[in-house]
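Peer 1: only the shape, not the letters, is given here:
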């Protein structure tokens, strides 16, 4: 049985755990190492069980502890070359990933970590490079798409192929419009290389729904421009207009920003 656990989801830090009895991986490491170790201890997770860290992109809220995990705990780190380059340039990240623990991957080329078969795929976001991951293990398909600027063919394709999906629902357009963000930042968020609005996520789920989709978790909600219940209700309403019932046709949950969500058995 697989376990999925979110240690944090949002601009304050992103980190996700996926594992079974013998193998586990982390997806992103954007929270502080002390907080991560504390959370893992609370959930009975041994760091030695984690076979590798896979990184989506090089923004600080996704890579904060990557260097510490690699250098102090010997964890292998997997990312594209452009993401590693961005991590090494980042003035916000003091601890870089040692070359001996850096594994360069390429979007579209599958690779394995233990029993995990992983396919990275390109997603639009204003980072050095940004990928989602399709992860196959124990007969299940788990896919994560975070920091997604627009609905692309890859978004549609990988929703259609997954059983368990983590997907961004970052902002409500009206909250963003009337909020206190400067216009330049507002424009960046909805530019097509920024983030997904609740409605975009809902439409993508509705249009690509299939009977093998079991779980959807909404991730990376904005603290300023969204609310968990608003995101859920917006998406449930869109799904309902297509005759799809969240909670019946598949489970729909919202991942919390600053504290763990889960664990979920899948």
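Peer 2: All right, it came through fine. What you see is a predicted model; the values in this text were computed from it and never measured.

Peer 1: quick one, what contacts residue 76?
Peer 2: When contacts are counted by C-beta atoms under 8 Å, 6 or more residues apart in numbering, residue 76 touches 51, 52, 53, 70, 101, 103, 113. From N, CA and C alone the C-beta is placed, and that goes for glycine too.

Peer 1: what's the distance between it and residue 113?
Peer 2: Noted for residue 76: a distance of 8 Å to residue 113, by C-beta to C-beta, to the nearest Å.

Peer 1: among the contacts of residue 76, who's most crowded?
Peer 2: Highest neighbour count within the contacts of residue 76: residue 53, with 26 neighbours (other C-beta atoms under 10 Å).

Peer 1: and residue 87, how many residues sit next to it?
Peer 2: Residue 87 has 25 nearby residues by other C-beta under 10 Å.

Peer 1: quick one: it is in a helix?
Peer 2: Yes. When DSSP: H, G, I helix; E, B strand; the rest coil is applied, residue 87 is found to be in a helix.

Peer 1: ok so, going back, which neighbours do residue 76 and residue 113 share?
Peer 2: By the contact definition C-beta under 8 Å, 6+ apart, residue 76 and residue 113 are jointly contacted by 51, 52.

Peer 1: follow-up on the earlier one: so which of the contacts of residue 76 belong to strands?
Peer 2: If you go by DSSP state E, these have 51, 52, 53, 103, 113 in strands.

Peer 1: the last one contacts residue 52, correct?
Peer 2: Read it as residue 113. Yes. In terms of C-beta atoms under 8 Å, residue 113 counts as a neighbour of residue 52; the distance is 4.3 Å.
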